[in-house]
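Asker: here are the coordinates; sequence isn't available:
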């Protein structure tokens, strides 16, 4: 996606001066220190960094699962830092999709039902939600998995279904926390290819990973260390990222 | 488009599939809820099916007839009756005078145009494969269309000739006879062939033989009379068919002729109470259960159902909590996908709904199927055929709804707990420590205090045990609410314990949310058991203290008063043969009039009675008969009556004993020995022709006893109504009075056979007394019972075994029940703890703990829950029982004071002991927790699967 069209659009996710402090006094830990980040439609942003750098905390706060100590999180023009629990839940149903490292799917539901779940929770009738879910699965060429239960699918298939669920209905923001962490590299590539394709189709994505190989699929890579952004790079720098030099000051 | 219904559908789908995925846990909860539902719905079906409609009842009693006319034995005097013919009274008022008696000719009351069918009943001693059996003989032409429905033919046909009979299946079973065999009666030379088997649909257990009218009873009675025996009474009724039915007006008309009518038309359409003359009479109003009594019964049923539901919820709740805990990640995912608290609650609640609905369907269907399949067994055990298989959908639906409600209620607390977890904590598996509720202990404390105050008021001030029970129930619920707080107190014991129990206790206390319901379930079951056990043990102690032996320990008595003692010698020998007899004393009774009379008070023709004359000076003034029929005690003040109650003349014998007609026995000195009396002076007096007396009041001033022989009993009855002396010849005997305090065992005196003969008293064999070397075994008793049945005599046999508690089986059953609940609840809590502790156990294993730690830990976890429950439950259970006993003591004290005021002699001050059932308590306090712990340790694998730790 070109920079021109990005500027013409509003960001789907905006993080402004985000800080998060765990504990207090002697046990005080600064997980995030004044993070600023905008993610636009059609853009896939990779967040990298060593263990404990604050990658996962960034993602949970961005999705409203945790609240920041200070700063603002704006999703689709809605400030979610001041929202109450119900507003946050509704936002997760309608705007934000999550993909975790593993165990993403509800074991008691089939692939189609898993994808339909956010819509059904939103009060859409089961029939309509299923039609939407099947459409989403077909669009991603996963239609043949619709009626399988999670324990009848491979890890890669499960992650792709999870991506489908993250983007069902009007949702435009997918937050993926090491979605390839439990997969072999070949399967991991196919999952990322799907994520990339969804972003190219207009979604905004944030991908937490510590594998430079997977970060190469992103439009932009944000590098975190000790809770602060130490570098940002665009896709053209991907090659230097792969060699690990772009992150150096 | 959006509405809550769609999100609930998703929740139900997840819950349904989860219930299927975890079949073991689902089955456990399902069984807990479905079993009571099965029982209640089966009970409802059985009750409703066995309740007959009026139409069905009429068919079984009247057949196809319109009415049954019978003789109320009021001498033909006009009567008033209730529409159902259950109650009747003479139309005239007789006040204190006796009602007229004697039969009337019912056939004269048959209205013109009516056709009748005679239905007579009498008794006969029939010869069976095993001996003799006293059986009802019913003369009814059963094949007549009018009788259709009264008897159901099972095999063969109803009698067509006078030498044919049919018999009920119950009779054939008891007698060992079969259709096709011949039947004879004792003392009757005719033989009958059994040509059919039938049953009485409302009285399956009745031994009855059916013959044609006139074929059996009349010739049998003649044969008995020819042999000098009393014939057995025959009652005759008439079934009647008449065009237009038997109306209430016709009933009232027939009543005027002294005949009672059961009419089909009247019972199907009963007249208004105002049109029933009997109901206008004082004291004969149509009685119906009062609204208050119905409300009380409903309240009692409601309480029992409520407590049962609470117990099931307490047991099933932790199972739902385990489910919610295990699927925490799943609930977290729902949260991450936009599920808010109400969605999470809906999923866990839907778990309760799914199991509740499944339990309702399975319980109800099994209830219906089992009742249907076991219908013949149920009918046999109730002794009654069902009218129809009566399924009441609304009632069954109500019962089934209870299951759904129970499932939902059990899932409420786990649902709320699960919904309060943050999505992040659910996803990462972090166990946030939750503070327990602060409101619950306060509510519990208030309930305990209020309940205790009510129970205390009930036991100290009032004598209403309902108040005590209500207060106790409230206090018990309060203790259940206090359980989380009380569990916390137990935690303080931890620091003095070795590793495994310390870990178990700390874990239980830290996770009160799952420990408390299990402890509360144990508490409630144990408290109930201990309350009943304490009450029963106290009652037992009271019964033991007030038990009155009929004979010295191990002694035997056998007495027969029918047929002039014909079977007595055979029975005497039978006892001697089967029991380890040491001494035997044959006893005779004094007969007045004919020799073959049975009881002195039977009123048979030609049979008289005797009385021991009590001199006027020895009669208690409170009981002395008056000429005007007034109550003599009313002439005295309360104080005078209290004094008189202590007078020797008014003392009533307060020790128990065998029932001996007239109180006097003809026997030799061996009888005294058997009764434990070793008094050589008494033996000598008996040999010298004196009566040995146990009652000072019978002696006149000269120290003699008079025995009055009354031959004309009717004249004697008339005299006594007027307060006059009965006419009769009095024979006087010298007397030896037994010293005060000698146990008489119901005997007022003994006279030797020689003395009786000399005085011209007629002695009739009555029975015998025996002393035994050792207590006869159960086998010996059964053999003797069989032999006496063979002889066919109505012998009254008593073996004195001392006080035998009837409660022990009940107590044992209750203990086992409480034990099972305890083990079940503790097991569920342990399963929950294990699910939680998996990570800790892996850490323990990693730091080098031996594999058995896993076993011992789960054992102690189970034991800790069981122990806390039984300790709290025992304390909570003893108190209401003590309260109940205190109320009872107050009640008995009140009764005692009334007795003293009324001048009733021989009333002892009440003895209401409170006994703690230590055996039951010991079993519950020690054996049950130990057993639960061992069981949990045994079923736990010592090596857990090396699963990957959950991703965080």
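Answerer: That came in fine, so what should we check first? Computed from a prediction, not measured in an experiment: that's the story for all the values here.
Asker: May I have the phi/psi pair for residue A:177?
Answerer: Phi and psi for residue A:177, reported as degrees, to the nearest 10, are phi -100, psi 100.
Asker: That one against residue A:56, yeah?
Answerer: Yes: if you go by CB atoms under 8 Å, residue A:177 and residue A:56 touch, sitting 5.8 Å apart. Every residue, glycine included, has its C-beta placed from N, CA and C.
Asker: okay, and the common contacts of those two?
Answerer: residue A:208 (CB atoms under 8 Å, 6 or more residues apart in numbering or on different chains).
Asker: By residue count, tell me the biggest helix in the chain.
Answerer: All of this refers to chain A. Secondary structure of chain A per DSSP state H: the longest helix is helix A:185-200.
Asker: wrong one, chain B
Answerer: Per DSSP H, chain B has its longest helix at helix B:852-902.
Asker: what about the helix or strand following it, distance to the chain center?
Answerer: Next in sequence after helix B:852-902, counting helices and strands by DSSP states H and E, comes helix B:918-922. In this view, helix B:918-922 has its centroid 26 Å away from the chain centroid, taken as CA atoms, centre = their mean, to the nearest Å.
Asker: If you count neighbours, what's buried in helix B:918-922?
Answerer: Within helix B:918-922, the residues that count as buried by 16 or more other CB atoms under 10 Å in any protein chain shown are B:920, B:921.
Asker: go on, stretch B:635-652?
Answerer: Buried, per 16+ other CB under 10 Å, within stretch B:635-652: B:636, B:641, B:642, B:644, B:645, B:649, B:650.
Asker: Equivalent analysis for stretch B:166-174, please.
Answerer: Neighbour-count burial for stretch B:166-174 [16+ other CB under 10 Å]: B:166, B:167, B:168, B:169, B:170, B:171, B:172, B:174.
Asker: Show me what the longest helix of chain B is packed up against.
Answerer: Here helix B:852-902 touches helix B:439-460, helix B:465-490, helix B:499-510, helix B:512-546, helix B:638-645, helix B:808-846, helix B:928-939, going by 3 or more CB pairs under 8 Å, 6 or more residues apart in numbering or on different chains; DSSP states H and E.
Asker: Based on its surroundings, how many neighbours for residue 196?
Answerer: I'll assume chain A. Neighbour count of residue A:196, defined by other CB atoms under 10 Å in any protein chain shown: 16.
Asker: you looked at the wrong chain, it should be chain B
Answerer: With other CB under 10 Å as criterion, residue B:196 counts 22.
Asker: Can you tell me the SS state at it?
Answerer: Of the three states, residue B:196 takes strand under DSSP: H, G, I helix; E, B strand; the rest coil.
Asker: didn't it look like it was pressed against residue B:160?
Answerer: No: using CB under 8 Å, residue B:196 is not in contact with residue B:160; the gap is 9.8 Å.
Asker: Quick one: name the residues of chain B near chain A.
Answerer: For chain B, the residues in contact with chain A (CB under 8 Å from any CB of the partner chain) are B:1-4, B:6-7, B:9-10, B:13-14, B:16-18, B:21, B:329-330, B:333-341, B:343, B:422-424, B:427, B:951.
Asker: Which of the residues you listed are buried? Put it as a ChimeraX command.
Answerer: Selecting just the buried residues from the residues of chain B next to chain A in ChimeraX takes one command, with 16+ other CB under 10 Å as the test:
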select /B:6,7,9,10,13,14,16,17,18,329,330,333,334,335,336,337,338,339,340,341,343,423,424,427
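Asker: coming back round to it: relative to the whole chain's centre, how far out is the longest helix of chain B?
Answerer: With CA atoms, centre = their mean as the basis, helix B:852-902 stands 24 Å off its chain's centre.
Asker: Likewise for stretch B:346-355?
Answerer: 41 Å.
Asker: Contacts only, for residue B:101.
Answerer: Per CB under 8 Å, 6+ apart, neighbours of residue B:101: B:73, B:74, B:75.
Asker: switch to 6 Å and redo it
Answerer: Going by CB atoms under 6 Å, 6 or more residues apart in numbering or on different chains, residue B:101 touches residue B:75.
Asker: where does it land on pLDDT?
Answerer: Looking at residue B:101, its pLDDT reads 72.
Asker: any idea of the pLDDT on residue B:152?
Answerer: For residue B:152, pLDDT reads 92.
Asker: Over to the one 4 residues further on?
Answerer: As predicted, residue B:156 sits at a pLDDT of 93.
Asker: And residue B:464, by the same measure?
Answerer: Predicted confidence (pLDDT) for residue B:464: 68.
Asker: The one 3 residues further on too?
Answerer: Reported pLDDT at residue B:467 in the predicted model: 78.
Asker: Excluding residues flanking it in the chain, which one is nearest it?
Answerer: The shortest distance from residue B:467 to any non-neighbouring residue, by CB to CB, 6 or more residues apart in numbering or on different chains, is to residue B:458 (3.3 Å).
Asker: Buried residues of the host helix or strand of residue B:38, list them for me.
Answerer: Take DSSP H and E as the rule and residue B:38 turns out to sit in helix B:23-50. By neighbour count, with 16+ other CB under 10 Å as the criterion, the buried positions of helix B:23-50 are B:25-26, B:28-30, B:32-34, B:36-38, B:40-42, B:44-46, B:48-50.
Asker: What of stretch B:313-331?
Answerer: Buried, per 16+ other CB under 10 Å, within stretch B:313-331: B:313-325, B:327-331.
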